[in-house]
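J.: Make a model of this:
(one chain, ligands or ions: 1)
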Amino acid sequence: MSLRFFNTLTQQVEEFTPLEGQTVRMYTCGPTVWNYAHIGNLRTFTFVDILRRWLRCRGYRLDHVMNITDVDDRIIKQAIEAGQSIEDYTAAYTKAFLEDTATLRLERPERLPAATAHIPAMARLIAGLRDKGCTYESEGSIYFSIAAFPAYGKLSHADFSGIRLGTRVDSDRYEKADARDFALWKAPKPGEPFWETEVGPGRPGWHIECSAMAMHYLGETLDIHAGGVDLVFPHHENEIAQSEALTGKPFARFWLHSEHLILESQTMSKTLGNFITLRDVLAEGYSPEALRYLMASVPYRKKLNFTFDSLKAAGTAIERLRNFKLRLETARFPEGASEFLLARAGDALKRFEESMDDDLNTAEALAAVFEFVREANSAMDAGDFHAGNIAPASDLLARFDAVFDVLRPGEKAAGITDVEVEALITERAQARKARDFARADAIRRRLFEQDVILEDTKDGARWKRK
Ligand SMILES: [Zn+2]
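T.: Numbers count the residues shown, from 1 in each chain. Here you go, the predicted structure:
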């Protein structure tokens, strides 16, 4: 089967291939750097990371652009309140964002343009729309006239035929019920930053920013445009309207949207005040890998109900896989190969890949891996796992980790839990009993790396933290 994605535009699962050659030209909406990203935001960025990695596993190269929104209503308000320039204010949160995403092992997109570095490109686009008669001015601001784009609503599949044309909205964020002509360019206000451009002084609206940077780097038709489901309306709808009204070409072939992360049955939101940051999660003693795994394990089009219990379970799942990898690398197995396990490893790899191809069904892909690990562990216990079974099992883990990237321990790991230490000590005792000293030593080394010191006594091993 081929690689397929659910396309929000057509509401169908469609086979994906890039328009030209083997390079996927992709645009994803980046952070507005007015505050720390919360884990609801990070779920979207994790989805994008999984998407990137799977496209590469399927042999594609990426040209991926993600914008940094470093000027908008909230930034201006906050910077003024903090008595800082918007450059200083946003620099700190841009840095925090890059740190957080690196901690979560999210790959850097090929390009990370800042909005304020592309103001002339935005003005150019607005001038083009003005020349085509798609805009009008009011008090120094320039608005996009929805009447100029009859297909308006095709992404969000809403019928906007009843809206009052000619009424307008200045805010960049509004609900479908408030659909109106939107601001492309905002007139300067006293005390606010502005730029002198070919369409006059002012600053860009949020929507034009993405269209301008996407087309500047990737051309008029993108292969994939992705983001959180909350961006479908109005942001992406407006991106389509202004881009396609200008070029007459489809702006993006595939639109992919990830669902919300839910906390205590509410969507996580800074406005609602119910949000958790990565820093909060780490302060509770959880590893970034556990959060990454949890966010990656729920298929992106399903809502993710965040709980600390599920985070704990994610940590346990990672530990199970790491232990299996350690066992593969250090245990001694009899020569030869189990034909049964060779077939099972092949099946698991096939099922993993087919599940990922199926609109990134990560839950199904993980099930394939865990089923095999369970069987292989039982076979190892029974002495039925052979040296010839190591390579296919390692290949499966490698394929898994190329996407999930959780097997490597964290550099700044918050440390392993007492339960995990006890479990490893029990395993080490079993290894010693079986005279598998290489494995026993590997476990001791592993514990030592986690700052756990073992002391063997006649009553068994004692341990303490460094
Ligand atoms: Zn955007």
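J.: Please verify my assumption that residue 1 contacts residue 357.
T.: Yes. Taking contacts as CB atoms under 8 Å, residue 1 lies within contact range of residue 357: 5.7 Å. From N, CA and C alone the C-beta is placed, and that goes for glycine too.
J.: Please identify which of the two sits among more neighbours.
T.: Taking other CB atoms under 10 Å, residue 1 and residue 357 do not tie; residue 357 has more neighbours (20 against 8).
J.: List the contacts of the nearest residue to that one once chain neighbours are set aside.
T.: Spatial nearest neighbour of residue 357, excluding adjacent residues (CB to CB, 6 or more residues apart in numbering): residue 3 at 4.8 Å. For residue 3, the contact set (CB atoms under 8 Å, 6 or more residues apart in numbering) comprises 15-17, 54-55, 58, 357.
J.: same question, residue 438
T.: Residues in contact with residue 438, defined by CB under 8 Å, 6+ apart, are 330-332.
J.: right, and the helix or strand after the helix or strand it falls within?
T.: Per DSSP states H and E, residue 438 falls inside helix 437-449. Per DSSP H and E, the first helix or strand lying C-terminal to helix 437-449 is strand 452-457.
J.: Give me the buried stretch members for that following strand, please.
T.: 452, 454 (16 or more other CB atoms under 10 Å).
J.: What about the closest residue to residue 70 other than its chain neighbours, how many residues nearby?
T.: Nearest residue to residue 70, sequence neighbours excluded (CB to CB, 6+ apart): residue 90, at 4.2 Å. Applying other CB under 10 Å, we find 27 residues neighbouring residue 90.
J.: doesn't residue 90 fall inside a helix?
T.: Yes. Residue 90: assigned to a helix according to DSSP: H, G, I helix; E, B strand; the rest coil.
J.: pretty sure it contacts residue 78?
T.: No. Shown here, residue 90 and residue 78 do not form a contact pair, counting by CB under 8 Å, at 9.4 Å.
J.: any common contacting residues for the two?
T.: Residues touching both residue 90 and residue 78 (CB under 8 Å, 6+ apart) are residue 34.
J.: Show me which residues of the stretch 201-350 of the chain sit near the ion.
T.: Residues of the stretch 201-350 of the chain found near the ion (CB under 5 Å from the ion) are residue 210.
J.: pLDDT weak spots in the chain?
T.: Low-confidence regions of the chain, defined here as pLDDT under 70, cover residues 271-272, 411-415.
J.: what does the top helix by length along it contact?
T.: If you go by DSSP state H, the chain has its longest helix at helix 308-330. Residues from elsewhere that reach helix 308-330, judged by CB under 8 Å, 6+ apart: 281, 284, 286-287, 289-291, 293-294, 297, 366, 369-370, 373, 376-377, 380, 390, 393-394, 397, 400, 406-407, 409, 416-417, 420, 423-424, 427, 436, 438-439, 442-443, 446.
J.: Report the closest residue of the stretch 101-250 of the chain relative to the ion.
T.: Proximity to the ion, evaluated over the stretch 101-250 of the chain using CB to the ion, is greatest for residue 210 at 3.2 Å.
J.: That residue: what secondary structure?
T.: Applying three-state DSSP: residue 210 is helix.
J.: For it, which residues are in contact?
T.: By CB under 8 Å, 6+ apart, the contact set of residue 210 is 27, 29, 67, 235, 239.
J.: all helices in the stretch 301-450 of the chain, in order from the N-terminus.
T.: Along the stretch 301-450 of the chain, the stretches classed as helices by DSSP state H, counting those that start in this stretch are 308-330, 339-357, 362-381, 390-404, 418-433, 437-449.
J.: Adding distance to residue 190, write those out as a markdown table.
T.: Converted to a markdown table, those look like this (distance: least, CB to CB, whole Å):
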| stretch | distance to residue 190 |
| --- | --- |
| helix 308-330 | 47 |
| helix 339-357 | 53 |
| helix 362-381 | 50 |
| helix 390-404 | 51 |
| helix 418-433 | 58 |
| helix 437-449 | 58 |
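J.: Would it be right to say that residue 192 lies in a strand?
T.: No. Residue 192: not assigned to a strand; according to three-state DSSP it is coil.
J.: Make residue 1 into 15 and carry on from there
T.: With 15 as the first residue, the last one maps to residue 206.
J.: Can you name the residues of the stretch 15-164 of the chain that neighbour the ion?
T.: Within the stretch 15-164 of the chain, the positions adjacent to the ion are residue 43 by CB under 5 Å from the ion.
J.: Tell me the buried residues in stretch 153-170?
T.: By neighbour count with 16+ other CB under 10 Å, stretch 153-170 contains the buried residues 155-160, 162-163, 166-167, 169-170.
J.: Contacts for stretch 238-245 next, please.
T.: Residues from elsewhere that reach stretch 238-245 (CB under 8 Å, 6+ apart): 19, 30, 38-43, 55, 57-58, 61-62, 65, 228, 249-250, 253, 265-274, 281.
J.: picking that back up, for ChimeraX, write the selection for the buried entries among the contacts of helix 322-344.
T.: What follows is the ChimeraX syntax for the buried subset of the contacts of helix 322-344, where burial is set by 16+ other CB under 10 Å:
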select :295,300,301,303,304,305,307,308,311,380,383,387,390,394,404,407,411,414,420,421,430,431,434,437,438,441,450,453,456,457,460
